[in-house]
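*Asks:* kindly return the folded structure for what I paste below:
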Amino acid sequence: MPATRSFYFYRRVAGTDAVYGACTNQIELSEDRNRLHLRLASTAKFAVTLEWRGLFHLIEALSTEMRFGVACRHETEGPVTLVVEPDGNDMTLSLRIEGSPITVAFTPRQTTELISHLRTGLRHIEATRPGRLL
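*Replies:* Numbering: from 1, shown residues only. Predicted coordinates:
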């Protein structure tokens, strides 16, 4: 029997896949509310899980328009790096899984929306941490 998913925290953000064009990206809080799942282009292949520290670094890199490699975990590949970098006015997230790359660009408006959802997810995670920061 498949695990039950509550979709307690589930958000979507538009972006542009460098190869296929317009796409939707998914953000979901894990059932135990300790991690955040990010699915680039809403695909399982390009889905990664972020712990608190990685999520914090992702938010900071996007907010400051800084190039940064964010540590995260892929279901089959294990530890991977999500690359955040500016590209003109846009911000991009890039990942390479099983030898296949993906790059998704976010306009300034989409980046603001992405950051907002990531911050909300971070607040939910912080609420479950011992000695939480809220």
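
*Asks:* dump the C-alpha coordinates for stretch 58-65 into CSV.
*Replies:* Listed next in CSV are the C-alpha coordinates belonging to stretch 58-65 (Å, rounded to 0.1, in the frame of the first residue of the first chain):
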residue,chain,number,x,y,z
LEU,A,58,19.1,28.1,-1.3
ILE,A,59,17.0,31.0,0.0
GLU,A,60,20.1,33.1,0.7
ALA,A,61,21.6,32.4,-2.7
LEU,A,62,18.3,33.3,-4.5
SER,A,63,17.8,36.4,-2.4
THR,A,64,21.2,37.8,-2.9
GLU,A,65,21.5,36.7,-6.5
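
*Asks:* helices of this protein, residue ranges please.
*Replies:* Ranges of helices in the chain, per DSSP state H, are 52-64, 108-128.

*Asks:* mind listing what's buried along the first one?
*Replies:* Okay, so that is helix 52-64. Across helix 52-64, burial judged by 16 or more other C-beta atoms under 10 Å covers 52, 54-59, 61-62. Bear in mind the C-beta positions are built from the backbone N, C-alpha and C, glycine included.

*Asks:* pLDDT on stretch 106-121, on average?
*Replies:* What stretch 106-121 shows for mean pLDDT is 97.

*Asks:* so what pairs up with the residue sitting nearest the centre point of the chain in the strands?
*Replies:* Centroid-nearest residue in the chain: residue 38, 3.8 Å away (criterion: C-alpha atoms, centre = their mean). Counting by DSSP bridges, residue 38 forms beta bridges with residue 27, residue 48.

*Asks:* before we move on, the earlier item: of the buried residues of helix 52-64, closest to residue 17?
*Replies:* Nearest to residue 17, judged by C-beta to C-beta, of those is residue 62 at 17.6 Å.
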